[in-house]
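Student: pasting the sequence and the predicted coordinates here, then a few questions.
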Amino acid sequence: MSASNKTIAILGGTGKLGGGLAYRWCKAGLDVVIGSRSKQKAAEAAEAVAERVPGASVRAMSNENAAAEADIVVLSVPFSHQDQMLEAVRDHVQAKIVIDTTVALVPPKVWTVQLPPEGCAGVIAQEFLGDGVRVVSAFQNVAASHVNSEHHIECHVLVCGNDEDARQQVIDLADLAGMRAWHAGPIENAAAAEALTSVLISLNRHYKIPGSGIVITGDPSVP
């Protein structure tokens, strides 16, 4: 079954990035479940997507129920909430693909690279959830404002994970959301993408850029 035929749960789907991904995947015709600790906030987020995409297949549930319902689970929460979220859904995501969008930012200096001792948030997720879960790290370097917009997204997505098939399914999902994505190696390589987020934030601050991103050049398949 391709990624386009699977149910996608977005835990933290009430936030800007999660809400934007929900909108773009619903627009592409996917079945989306928005999870939140607050049922009311989840319902409000689902209603907001349904207003933008009439006829969208979008539902609201608790994080635990959303994770249990879905084939692919997306974690879209701040780094400070990652441990709590992983603990809450670990039993519900076994044998599934988990897309971790977490960035190891440490406020207040989020423009400074401060990676955790484990290496990065992606490695933390993989080690905590275990080998029965295929963790894929992605979407860290695309501003939420772009994902929530109607315009074409020029930024590219680095996709890291230990399972190539899981990475490909995430690349397919990125394509459905209007983004170009690339196989970027094992989960440990997610440290580069997470660190790059702080660099991009620094660029945004210095040059007043409304959401800088990266583009991979040199692809021989592109004329």
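Tutor: Structure's in. What do you need?
Student: so the residue of the chain most remote from its centre versus Ser198, what's the distance?
Tutor: Largest separation from the mean C-alpha position in the chain: Pro223, at 29.6 Å (CA atoms, centre = their mean). Distance, Pro223 to Ser198, using CB to CB, to the nearest Å: 34 Å. Placement of C-beta: from N, CA and C, glycine included.
Student: number of nearby residues for Ala125?
Tutor: 26 (other CB atoms under 10 Å).
Student: do Ile10 as well
Tutor: With other CB under 10 Å as criterion, Ile10 counts 32.
Student: quick check: beta-bridge partners of it?
Tutor: Ile34, Val74 (DSSP bridges).
Student: quick check, it in contact with Val33.
Tutor: Yes - the pair Ile10 / Val33 is scored as a contact, 7.3 Å apart, by CB atoms under 8 Å.
Student: which residues are in contact with each of those two?
Tutor: By CB atoms under 8 Å, 6 or more residues apart in numbering, Ile10 and Val33 have these common neighbours: Ala66.
Student: what's near enough to touch the closest residue to Asn63 other than its chain neighbours?
Tutor: Counting by CB to CB, 6 or more residues apart in numbering, Asn63 lies nearest to Gly35, which is 4.1 Å off, once chain neighbours are set aside. Counting by CB under 8 Å, 6+ apart, Gly35 touches 9-13, 42, 60-67.
Student: before we move on, what about Leu11?
Tutor: Contacts of Leu11 by CB under 8 Å, 6+ apart are 18, 35-36, 63, 66-67, 73-77, 85, 89.
Student: against Ala45, how distant is it?
Tutor: Using CB to CB, Leu11 is found at 12 Å from Ala45.
Student: quick one, helices of the chain?
Tutor: 16-27, 39-52, 63-69, 82-89, 121-129, 144-147, 164-176, 190-207 (DSSP state H).
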